[in-house]
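Undergrad: Provided below are the primary sequence and the corresponding predicted coordinates.
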Amino acid sequence: MNITALEYLKERLEPEQFEKIAAIDNPELHEFLAKYIKLLNPSKIFVATDSPEDEEYIRKKAIEYGEERPLATPGHTVHFDNYYDQARDKANTKILVPKGADLGPFINTKDREEGLREIHELMKDIMIGKELFICFFVLGPKNSVFTIPAVQLTDSAYVAHSEFLLYRKGYEEFRRLGREAKFLKFVHSAGELDERKTSKNLDKRRIYIDLESETVYSVNTQYGGNTIGLKKLAFRLTIRRAVKEGWLSEHMFLMRVNGPEGRKTYFTGAFPSMCGKTSTSMIPWENIVGDDLVFIVDMKGEARGTNVEAGVFGIIHGINKEDDPIIWEVLHSPNEIIFSNVLIKDGKPYWTGMGEEIPNDGENHSGKWWKGKRDAEGNEIPPSHKNARFTVRLDAFPNLDREALDAPCGVKIGGMIYGGRDKDTWPPVREAFDWTHGVITMGAALESETTAATLGKEGVRQFNPMSILDFLSVPIGEYIQNYIRFGERLREKPKIFAVNYFLRDENGNWLNDKLDKAVWLKWMELRVHGDVDAIETPIGYIPKYEDLKRLFKQVLNREYKKEDYEKQFMIRVPELLAKIDRIEKIYREKVKDTPEILFKVLEEEKQRLLEAREKYGDYISPFQFERA
Ligand SMILES: Nc1nc2c(ncn2[C@@H]2O[C@H](COP(=O)(O)OP(=O)(O)O)[C@@H](O)[C@H]2O)c(=O)[nH]1
Ligand SMILES: C=C(OP(=O)(O)O)C(=O)O
Ligand SMILES: [Mn+2]
């Protein structure tokens, strides 16, 4: 380019749009925009500022271009992704690394030069005939220690619209920061669309993450987990920033648990996708701050956290009136909501597990749908996809802790929870002996069964430390080392807990109800303040029966039977030992840079379990430990 970036932009953009860009004093931004406008070659360009009119423009375009359709309730729309584009594509999501760099195991990488060449080829002229939307947002609250600005380029008004629901607007922040803005960049194209306006060339679906330039490219896909730049794509970049700078960027919800006499205690919870972040943070009795991504920093020795986002991209499967009354109400009110991959009949959305009668036909992610319809592979197509979602602002929720969401210094974190899908090993809730014990035996040792949130087989038990494995962008040992050190530096360390909502009996039935988590939360809140005693076991502290019995009555008005407690909180020594062996083996054999302390802490836990087995046998009732 012989002319400057700004001159080029002036040629390509309508004056009204160009003015919006020229008002931001940031040459790096101008270069980036010029480069990608030239490459993508859109036929039309729209720049969104923070004005309500610009947002309205995007909303309208999503409908005009057919990516969304209005539903009967005002504000509601539906979007469909291609039948084979319903979840995160792990196989085609890669971190680009320069020659010679090694991120170690579990991270899907690709040679940077090769990857950049491939993605730029795939994206060349891809927006001919399409409109490009240039949007500005921030991660975290504006003008705070947490703020990270980001710019999104996309030809999908659905993606842009989703981001307006999920993030804080950032145009003014870019103007304010000017050259100071250290921003993340996202370039997305849905690619060629079929007659249903879904991405067509799925064989060319690619999500490439360039750490060096902090840019993520996503092409030939629409599913939010693959496309919404500020969500799981930015997450790879912020994990790297966090590890380099000594803070935490985590796959966590952030919520307020209400204790006795108006006490407010904030908890984070790290669960893999589809394992309970949204449902836990939305539980009645408590207040939500965020349901997916949290930044945590050390502020004068306190761990303080903020929600990276301002909206919810939640799983709709199984949402029903009894278990999820708050979400249910929001989904049935005239809020601005995008429903994706649900069943539509007469302008109304339906989904599996909603607890209401579902029509026998309509339209869903497979196109025209009828009961019994089969896909090309011969599988019966359910009314809605398991990973069907709703996208809505947190503003819509009556249980939002607005003050905590907006707090420029975040909130003090009292407890951190880890959890996953585990049918037979961990009890429903337990507390770590200390920070290091928790981070290692609960966080770094987390395993969870795969779900429909990613393409591929479901129900496979997988190592998933801190629930971040799919998003890791630094060597795993380095990530864990940063975590441990972060806590060690704190003057006041959050208490660490682990939960398991997914225990099953011999016949595969759940051992717990969906709302039992309300009780575990109340118990953890009391423990953070030392209000109740607990039983010491080889794997941490577990609740006493009397405390749970009282809480079940208080919170759920239910009798909690002794037999249920005994079954749920039984210490399952063979399973626990087998798990330690699996985890130890992974770190020993695969993770070269594992901090030595990890092996020490796992070994100590193993010895405690072996001792207990000597005394009490393989399956130990919690009452045994209480008497001891
Ligand atoms: N059996 C069981 N399923 C649950 C429980 N809590 C949540 N789920 C299911 O887990 C799935 C994912 O939950 P969600 O909170 O959306 O997960 P997220 O992706 O981590 O936010 C949904 O299908 C829920 O119905 C629970 O306590 N027990
Ligand atoms: C968007 C996602 O979020 P969640 O963790 O809520 O499933 C995802 O996994 O792609
Ligand atoms: Mn969620």
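TA: Looks like it came in fine. Ligands and ions are numbered 1, 2, ... in the order given.
Undergrad: And the residue of the stretch 151-300 of the chain closest to ligand 3?
TA: The nearest approach of the stretch 151-300 of the chain to ligand 3 comes at Thr278, 3.6 Å away (Cβ to the ion). Bear in mind the C-beta positions are built from the backbone N, C-alpha and C, glycine included.
Undergrad: helices and strands around the longest helix belonging to the chain, which ones?
TA: Of all segments of type helix in the chain, defined using DSSP state H, the longest is helix 596-616. Judged by 3 or more Cβ pairs under 8 Å, 6 or more residues apart in numbering; DSSP states H and E, helix 596-616 is in contact with helix 435-438, helix 573-590.
Undergrad: what's the most buried one of the ones you listed?
TA: Of all the helices and strands packed on helix 596-616, helix 435-438 carries the top mean neighbour count, a mean of 21, counting by mean count of other Cβ atoms under 10 Å.
Undergrad: Rounded mean pLDDT for it, please.
TA: Mean pLDDT, computed over helix 435-438, is 98.
Undergrad: Please apply the same query to stretch 233-247.
TA: For stretch 233-247, the per-residue pLDDT averages 98.
Undergrad: Now do it: distance to the chain's middle.
TA: Offset of stretch 233-247 from its chain centre (Cα atoms, centre = their mean, to the nearest Å): 15 Å.
Undergrad: hmm, who's touching it?
TA: Taking contacts as Cβ atoms under 8 Å, 6 or more residues apart in numbering, the residues outside stretch 233-247 that touch it are 95, 139, 148, 150, 184, 186, 207, 209, 211, 214, 216, 218, 227, 248-249, 251, 293, 295-298, 308, 468, 471-474, 478-479, 482, 485-486.
Undergrad: show me which of the residues you listed neighbour ligand 1.
TA: Applying Cβ under 6 Å from any ligand atom to the contacts of stretch 233-247, one finds that nothing falls near ligand 1.
Undergrad: filter those to the buried ones?
TA: 95, 139, 148, 150, 184, 186, 207, 209, 211, 214, 216, 218, 227, 248-249, 251, 293, 295-298, 308, 468, 471-474, 478-479, 482, 486 (16 or more other Cβ atoms under 10 Å).
Undergrad: Return the residues of this protein in contact with ligand 2.
TA: 88, 224-225, 231-232, 273-274, 277-278, 292, 313, 453.
Undergrad: ok, so of those residues, who is nearest Thr73?
TA: Phe313 (19.1 Å; Cβ to Cβ).
Undergrad: ok, that closest one touching Ser162?
TA: Yes: between Phe313 and Ser162 there is a contact at 7.0 Å, judged by Cβ atoms under 8 Å.
Undergrad: Now do the residue lying closest to Tyr545 once chain neighbours are set aside, the pLDDT please.
TA: Nearest non-adjacent residue to Tyr545, counting by Cβ to Cβ, 6 or more residues apart in numbering: Tyr565, 4.9 Å away. Looking at Tyr565, its pLDDT is 98.
Undergrad: what does Thr227 give?
TA: pLDDT, read off for Thr227, is 98.
Undergrad: How about Ala101?
TA: 90.
Undergrad: how close does Phe433 get to Ala534?
TA: From Phe433 across to Ala534, the span is 11 Å (Cβ to Cβ, to the nearest Å).
Undergrad: Next, show the common contact partners of those two.
TA: Shared contacts of Phe433 and Ala534, counting by Cβ under 8 Å, 6+ apart, come down to Tyr541.
Undergrad: sorry, back to before: the more surrounded of Phe313 and Ser162?
TA: Taking neighbours as other Cβ atoms under 10 Å, Phe313 and Ser162 compare with Ser162 leading, 28 against 22.
Undergrad: Please, which helix or strand holds that one?
TA: Using DSSP states H and E, Ser162 sits within helix 157-166.
Undergrad: Any idea how far that helix is from the middle of the chain?
TA: 16 Å.
Undergrad: what does this structure have sitting close to ligand 1?
TA: 271, 273-279, 291, 314-315, 317-318, 501-502, 510, 514, 517.
Undergrad: Among these, which ones are in helices?
TA: Those of these lying in helices (DSSP H): 277-279, 517.
Undergrad: what about the helices in the stretch 201-350 of the chain?
TA: Along the stretch 201-350 of the chain, counting by DSSP state H, counting those that start in this stretch, helices occupy 224-227, 234-245, 277-281, 325-331.
Undergrad: got JSON lines for these, with distance to Tyr65 too?
TA: Formatted as JSON lines, these follow (distance: least, Cβ to Cβ, whole Å):
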{"stretch": "helix 224-227", "distance to Tyr65": "15"}
{"stretch": "helix 234-245", "distance to Tyr65": "25"}
{"stretch": "helix 277-281", "distance to Tyr65": "29"}
{"stretch": "helix 325-331", "distance to Tyr65": "25"}
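Undergrad: which one of those helices lies closest to Gly617?
TA: Ranked by Cβ to Cβ, the member of the helices of the stretch 201-350 of the chain that lies closest to Gly617 is helix 277-281, at 33.4 Å.
Undergrad: Can you tell me which residue of the stretch 451-600 of the chain sits closest to ligand 2?
TA: Here the stretch 451-600 of the chain gets closest to ligand 2 at one residue, Ala453, 4.2 Å apart by Cβ to the nearest ligand atom.
Undergrad: That residue: neighbouring residues, count only.
TA: If we define neighbours as other Cβ under 10 Å, then Ala453 has 20 of them.
Undergrad: Quick check, it in contact with Ala87.
TA: Yes: using Cβ under 8 Å, Ala453 is in contact with Ala87, at 5.6 Å.
Undergrad: what do these two both touch?
TA: Taking Cβ under 8 Å, 6+ apart as the contact rule, Ala453 and Ala87 both touch 225, 387.
Undergrad: Skipping adjacent residues, who's closest to the residue in the stretch 1-150 of the chain positioned nearest to ligand 2 in space?
TA: Scanning the stretch 1-150 of the chain for proximity to ligand 2 using Cβ to the nearest ligand atom identifies Arg88 as nearest, at 4.6 Å. In space, and not counting its chain neighbours, Arg88 is closest to Gly225: 4.0 Å by Cβ to Cβ, 6+ apart.
Undergrad: and that neighbour, what does it touch?
TA: If you count contacts by Cβ under 8 Å, 6+ apart, then Gly225 has 87-88, 231-232, 273, 453 around it.
Undergrad: go with 7 Å
TA: 87-88, 232, 453 (Cβ atoms under 7 Å, 6 or more residues apart in numbering).
Undergrad: any idea of the mean pLDDT in stretch 580-599?
TA: In the prediction, stretch 580-599 has an average pLDDT of 97.
Undergrad: Would you mind measuring the gap between the ends of that stretch?
TA: Terminal residues of stretch 580-599 lie 10 Å apart, using Cα to Cα, to the nearest Å.
Undergrad: just to revisit the earlier point, by neighbour count, which of the residues of the chain next to ligand 2 wins?
TA: With neighbours taken as other Cβ under 10 Å, the top of the residues of the chain next to ligand 2 is Lys277, carrying 29 neighbours.
Undergrad: can I assume it is in contact with Gly269?
TA: Yes: using Cβ atoms under 7 Å, Lys277 is in contact with Gly269, at 6.1 Å.
Undergrad: what touches both of these two?
TA: With Cβ under 7 Å, 6+ apart as the test, Lys277 and Gly269 both reach Phe253.
Undergrad: quick revisit: find residues that contact each of Phe313 and Ser162.
TA: Common contact partners of Phe313 and Ser162 (Cβ under 7 Å, 6+ apart): 224, 228, 391.
Undergrad: Pick the one among these closest to Glu546.
TA: Thr391 (43.1 Å).
Undergrad: coming back round to it: quick one: which two of the residues of the chain next to ligand 2 are the most distant?
TA: Largest separation among the residues of the chain next to ligand 2 by Cβ to Cβ: Arg88 and Thr278, giving 15.9 Å.
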